[in-house]
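Asks: need a 3D model of the sequence below.
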Amino acid sequence: MPVVARAGNKIRDYYAVSLTLISAILCALMLPLAIAGETFHHQVMWIAALDITAGVLADPLSILMSNLVGWLSFSIMIYSLGYMKGEENMTRYWFLMVFFIGSMQLIIFSDNFLQLFFGWEGVGLCSYALISFWNKDLKKDY
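Replies: Next up, the predicted model:
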């Protein structure tokens, strides 16, 4: 996000929204798999010495939840274009929003507790940072 921000504020804003749109479309492309009741599970070795794998588990419930997260997040990002217009530190805001959405998707598609933990920590970190976004305006603190 910081690299894209160098190209301009409008490009940065629409880049963040387009990333969310791409995520939502990819989630929608998995709907036929959910309707058929099929499950996709893929694992790769992550840390061989400890026999830790990283993987994706997409069952019908996780596909439906990812669509809910994807399309709701996209609508929130569209709303943010107008609501956050003129605010300072928008690069940080867009980065945190995209990272938050990615962390939610990681929670949904994780196939082990370690990945679930990383996704949960990402959501918690971004929540904290987004809640304290207006940390310099004392009127908005109370």
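Asks: for the chain, name the helix or strand with the lowest mean pLDDT.
Replies: Least confident element among the helices and strands of the chain, by mean pLDDT, DSSP states H and E: helix 138-141 (a mean of 60).
Asks: quick check: Leu57 is in a strand.
Replies: Yes - under DSSP: H, G, I helix; E, B strand; the rest coil, Leu57 sits within a strand.
Asks: was I right to think it contacts Ser110?
Replies: Yes - with contacts counted by Cβ atoms under 8 Å, Leu57 reaches Ser110, the gap being 7.1 Å. Placement of C-beta: from N, CA and C, glycine included.
Asks: who has more neighbours, these two?
Replies: Neighbours were counted for Leu57 and for Ser110 using other Cβ atoms under 10 Å; Ser110 has more, 20 against 16.
Asks: and the gap between the more buried one and Trp120?
Replies: 9 Å (Cβ to Cβ, to the nearest Å).
Asks: please apply the same query to Ala36.
Replies: Distance from Ala36 to Trp120, by Cβ to Cβ: 30 Å.
Asks: so the two - more neighbours on which side?
Replies: Trp120 (16 against 9).
Asks: list phi and psi for the more buried one.
Replies: Torsion angles at Trp120 (phi, psi; degrees, to the nearest 10) stand at phi -60, psi -40.
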